[in-house]
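Q: Sequence and predicted structure are below.
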Amino acid sequence: MLWRPPFMKNPLASFNFSADNSRSISDKVAIMRYVNQVSRAALSLLLLAAVAGASFGFSSPAAAADAITVIPPRLEVPASPGDTVVEKIRVINQSTTEISYSTIIEDFKSGDEDGSVQYVDESEESDSFRMAKWISIEPSRFTIAANSERIIQVAIKVPKNAEPGGHFASVIVRRSGTETAGGASVETRIGTLILMRVSGNVTEGLSVESFGPQETYAQYGPAKFDLRLKNDGNVHLAPRGTIVINNMFGKKVAEIPLSNPNVLPGAIRKSTTEWAEKNLIGRYTATLVAQYGQTSSTGEQKTLSATTSFIVFPLYLIWVTLGIIVVAYLLITQRKALRRAINRITSD
């Protein structure tokens, strides 16, 4: 039996239902009062639960996390063997307390096709794209007051025998030793990715693995296109270009700037470009027109191209079209039947 507060007396227990299920006016009034009492009690319990949640300190993860920002999130640095390059990174403490930080440097390589990176442990087999050992940071440890920032210097000393092409590392700013309510230690890490291009005999090569719409048929826009590029060279590359849209009559109706993320050597990178137009109808052709690589002495770049098609047609228009066809068919057949009847009458 469910517990009921003393002030909520159940009037249903005293109801006298007759065989014909009829109730007196007083019974109906009692029912309405009982329903109102139940509603007020439920509302009170909800309010108590909300107050209890606030009292026990439930909070969103965003509020509990360290408010730290590192600018810029990515550095693209050209260099030659033997150069020393110095860059600056801003570390901003957006919290309301003073925080001490330390820095580390880690090599990275491409992770998934969505653009994530995978940090490379020193124990892993070395490859020609590493550069963490070239980097020094000053200061490597520092304290930032609340709502303040600090500039750190990143010096990259490129060896004279450095291999031409891409080299990749990340400067990571971290705050260690933060304890959660359960006593576990949590480390906050955020960093700047450094992509360096060392001059020399560099191989640039991108190829289109696939290009097409996310939906070959849709009822409405917008239309999204997925492009997967493979880097067959030894340096990171970011293509630039557009996707040209033609309608079923061959007329150009749109030209969309291509999303151009970096593709690391040996990796496949997927990017999505959106045509935001919603009012679409018919068959469309999308053509990728892009270039990549550093401009040569002749001013030419390597090109990428691919073509795909898709159809946008609202479902309700299909039914309207079918309805018009059926009505037209009935009108034509009935007209012929009427003519035959008139011909029979006149011939008689």
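A: Alright, I've got the coordinates.
Q: Touching the host helix or strand of G212 from outside, list them.
A: Using DSSP states H and E, G212 sits within strand 206-213. By C-beta atoms under 8 Å, 6 or more residues apart in numbering, the surrounding residues in contact with strand 206-213 are 223-233, 237, 239, 263, 268, 286, 288, 292, 302, 304-308, 310. C-beta coordinates here come from the backbone N, C-alpha and C atoms, glycine included.
Q: change it to 7 Å
A: Contacts of strand 206-213 with the rest of the structure, by C-beta atoms under 7 Å, 6 or more residues apart in numbering, involve 223-232, 237, 239, 263, 268, 286, 288, 292, 304, 306, 308, 310.
Q: How is the chain divided into domains?
A: When the chain is parsed with automatic domain parsing, its domains come out as 11-55, 63-198, 206-313, 317-348.
Q: what pairs with the strand holding G212, and is each one parallel or antiparallel?
A: Within its sheet, and counting by DSSP bridges, strand 206-213 is paired with strand 223-231 (antiparallel).
Q: Following element in sequence after the strand it pairs with, please.
A: Counting by DSSP H and E, what follows strand 223-231 is strand 240-246.
Q: what's that following strand packed up against?
A: With contacts defined as 3 or more C-beta pairs under 7 Å, 6 or more residues apart in numbering; DSSP states H and E, the packing partners of strand 240-246 are strand 252-257, strand 282-292.
Q: Name the stretch among these that sits most buried.
A: strand 282-292 (a mean of 17; mean count of other C-beta atoms under 10 Å).
Q: what about dumping the CA coordinates of that one to PDB?
A: Output of strand 282-292 as PDB, limited to C-alpha atoms (Å, rounded to 0.1, in the frame of the first residue of the first chain):
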ATOM      1  CA  GLY A 282      15.800  18.000 -59.200                       C
ATOM      2  CA  ARG A 283      19.100  16.300 -60.100                       C
ATOM      3  CA  TYR A 284      22.300  18.100 -59.400                       C
ATOM      4  CA  THR A 285      25.900  17.500 -60.300                       C
ATOM      5  CA  ALA A 286      28.700  18.400 -57.900                       C
ATOM      6  CA  THR A 287      32.300  18.900 -59.100                       C
ATOM      7  CA  LEU A 288      35.400  19.200 -56.900                       C
ATOM      8  CA  VAL A 289      37.900  21.700 -58.200                       C
ATOM      9  CA  ALA A 290      40.900  22.000 -55.900                       C
ATOM     10  CA  GLN A 291      44.700  22.800 -55.900                       C
ATOM     11  CA  TYR A 292      47.400  21.900 -53.400                       C
END
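Q: and the direction of that strand versus that of strand 223-231, what angle?
A: 30 degrees (axes from the mean of the first three to the mean of the last three C-alpha atoms, to 10 degrees).
Q: So what are the sheet partners of strand 282-292 and their directions?
A: Assessed with DSSP bridges, strand 282-292 is paired to strand 240-246 (antiparallel), strand 302-312 (antiparallel).
Q: Distance to G166 and mean pLDDT for those strands - can I get that in JSON lines?
A: Listed next are these as JSON lines, based on distance: least, C-beta to C-beta, whole Å; pLDDT from 0 to 100:
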{"stretch": "strand 240-246", "distance to G166": "18", "mean pLDDT": "96"}
{"stretch": "strand 302-312", "distance to G166": "16", "mean pLDDT": "96"}
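Q: Tabulate those (TSV), appending mean neighbour count.
A: Converted to TSV, these look like this (neighbours: other C-beta atoms under 10 Å):
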stretch	mean neighbour count
strand 240-246	18
strand 302-312	16
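Q: just so I know, which of those strands lies nearest I332?
A: I332 lies closest, by C-beta to C-beta, to one member of the strands paired with strand 282-292: strand 302-312, at 29.5 Å.
Q: Could you give the separation of that closest one from the chain centroid?
A: Chain-centre distance of strand 302-312: 23 Å, with C-alpha atoms, centre = their mean, to the nearest Å.
Q: can you list contacts of that strand?
A: Contacts for strand 302-312 (C-beta under 7 Å, 6+ apart): 204, 206, 208, 211-213, 215-218, 220-221, 223, 239, 280-293.
Q: repeat that with 6 Å
A: For strand 302-312, contacts defined as C-beta atoms under 6 Å, 6 or more residues apart in numbering pick out 208, 211-213, 216-218, 239, 280-281, 283-288, 290-293.
Q: Perfect, I'm done here.
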